[in-house]
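> return a 3D structure for these sequence lines:
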Amino acid sequence: MTTGRENYPEYDALWHLQSMGVRTDKHRPNGWKYKRSDRKRTRVAMIDTSVAVDHPNLEPAINKKLALDLFSAPLGSFAYRKPDEKLEDLCLNTRTRVADGLPGITEILGRLIDRTSHGSLAWQNNLQPCVGAEFSSHGTAIAGLIGAKPTRVQAVVPEPTDEITSIPLPYVGVDPFCEIVPISTNFDPDPEVLIVAFLYAELIDADVVLLPRNVPDPVRTVPEIFTRTIDGVPLSEATAPAATTPEEAQLWAELAELIVNISMARPVVCAAGNANEENGIYPANLATDHNGIISVGAMNAKGVLAGFSASQGLTVMAPSGDAEVFDRTQVRLDTRRHDYDPVGVPEPNENHKYSHYDVISTDVPGIYGYSDSPYRSLEPETGLREFGSYFCSFGGTSAASALVAGYLSLARSAGELDVKADGLQAKAWLLANCAEVQDGDTCYLYPAWDGDYSFPDA
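Take a look at the predicted model:
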């Protein structure tokens, strides 16, 4: 029996770093060194799901002391501390002005500052944080692309020997010198939870804020909601799972202003969407020339817009996997697929546009995550049992946005971007360090460290 896998040539698992010019084809830094002058690690606030913080490649990058879980408690629990541990002075940026003129957010900011003040307990109301492995697939992959670090681990050789040996895990993210602060939320957060997430990113003085997903604002998620109706009923109301209260509506509106305000002080990187959206999902579609919000689309390894990616109103593109397309506008199928059938496929099949390259990232070890494990139990407390499930194929504009967040982080770590640069200045640096890539009639901007970029599947 054939699997079809033999139809596909092998490719470098770190092609995405070489594509952006961050690494050479020998897996060396492309002319950059760690130079951050203030001797602080560049801090990336990642608003997403939780992370497998004990993953060998991620453990050096994750700041467990500051990691905040908003899944379990409205004002968050410090998930990797003991429940009754008292917080030390977290050196928060409590003088921030991002909430000025936003009464609802000002009140929430006051409560959050009290919650995170010196002497507060790590777990809010002793609630168990929801940061288990079963919740952490997306966040683990995102974190790896940003800042995973190569390492060596002790591995248990399978029976009958049960010997311990040392093996390398040479995976690396864009900026292996940064620190990542996971700010985890549930899968359908209300406006207050998201407000707390963005406020906390501001309070910890993050250098880069990353949101690799959408925000479920009932009005702003779909731009056409403002004008479309169904039988005279506004689309936002007709599709809402429940009526939005006036208080919630105010907070949703204030959240949009808050994201823009924060982006003026530090770049806010957002995924643009995976359903061919014309102008990107919310809040990526808030990006303009006058704020620090960065909307990121996906480009495949051939230098072509990925089959799923949002296509208009984007700030930059970045590497990702691809998707087949077969509709009235284009035929773009993978002829290498083992079950590909040319019958009924009109010519020309624009296969030269499709790329089978996936982005590879870190995954939750063991039975959870995107990659499965041959062992139907959790990993042992000590020693690596197998490494296949430690890595996975990943993609979407989520992956692309994580790579751009890492790119900006590396710019600070390598001294290319001043540590005092605000959101607008960071965005300007990003645009100045991109190359123009022509795809059909459209020209996109693509990260190109020191002017270098490539598309290995072209």
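> how close does residue 96 get to residue 287?
22 Å (Cβ to Cβ, to the nearest Å). For the C-beta atoms, the positions are set from N, CA and C on the backbone; glycine is no exception.
> and what of residue 19?
23 Å.
> do residue 151 as well
Plainly put, residue 151 is 36 Å away from residue 287 if you go by Cβ to Cβ.
> who's more crowded, these two?
For the pair residue 151 and residue 287, the greater number of neighbours falls to residue 287 (26 against 17), based on other Cβ atoms under 10 Å.
> which positions in the helix ranked longest in the chain come out as buried?
Counting by DSSP state H, the longest helix found in the chain is helix 246-265. For helix 246-265, a neighbour-count test (16 or more other Cβ atoms under 10 Å) marks 248, 250-256, 258-265 as buried.
> partner strands of the helix or strand just after it and their direction?
Downstream of helix 246-265, the first helix or strand assigned by DSSP states H and E is strand 268-271. In the sheet, strand 268-271 lines up against strand 208-211 (parallel), strand 293-299 (parallel) (DSSP bridges).
> average pLDDT for the following helix or strand past the last one?
Think strand 293-299. Elements were assigned by DSSP H and E; along the chain past strand 293-299, the next helix or strand is strand 316-319. Taken as a whole, strand 316-319 has an average pLDDT of 98.
> other SSEs contacting strand 316-319?
helix 15-19, strand 293-299, helix 396-413, strand 442-447 (3 or more Cβ pairs under 8 Å, 6 or more residues apart in numbering; DSSP states H and E).
> can I get that strand as PDB, trimmed to CA atoms?
Taking Å, rounded to 0.1, in the frame of the first residue of the first chain, the C-alpha atoms of strand 316-319 are listed here in PDB:
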ATOM      1  CA  VAL A 316       2.900  42.600   5.400                       C
ATOM      2  CA  MET A 317       2.900  39.000   4.300                       C
ATOM      3  CA  ALA A 318       4.900  36.200   6.000                       C
ATOM      4  CA  PRO A 319       5.600  32.500   5.400                       C
END
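> quick one: average confidence on the following helix or strand past that strand?
Later in the chain than strand 316-319, the nearest helix or strand by DSSP H and E is strand 325-326. Averaging pLDDT along strand 325-326 gives 90.
> which strands and helices sit next to strand 325-326?
Where contact means 3+ Cβ pairs under 8 Å, 6+ apart, strand 325-326 is packed against strand 331-332.
> restricting to C-alpha, output the helix or strand that the strand it packs on is followed by in PDB.
Note on strand 331-332: by DSSP H and E, the next helix or strand toward the C-terminus is strand 359-362. Taking C-alpha atoms only, strand 359-362 is exported to PDB below (Å, rounded to 0.1, in the frame of the first residue of the first chain):
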ATOM      1  CA  VAL A 359       5.600  25.600   8.500                       C
ATOM      2  CA  ILE A 360       7.100  23.400  11.200                       C
ATOM      3  CA  SER A 361       6.700  24.400  14.900                       C
ATOM      4  CA  THR A 362       6.800  23.100  18.400                       C
END
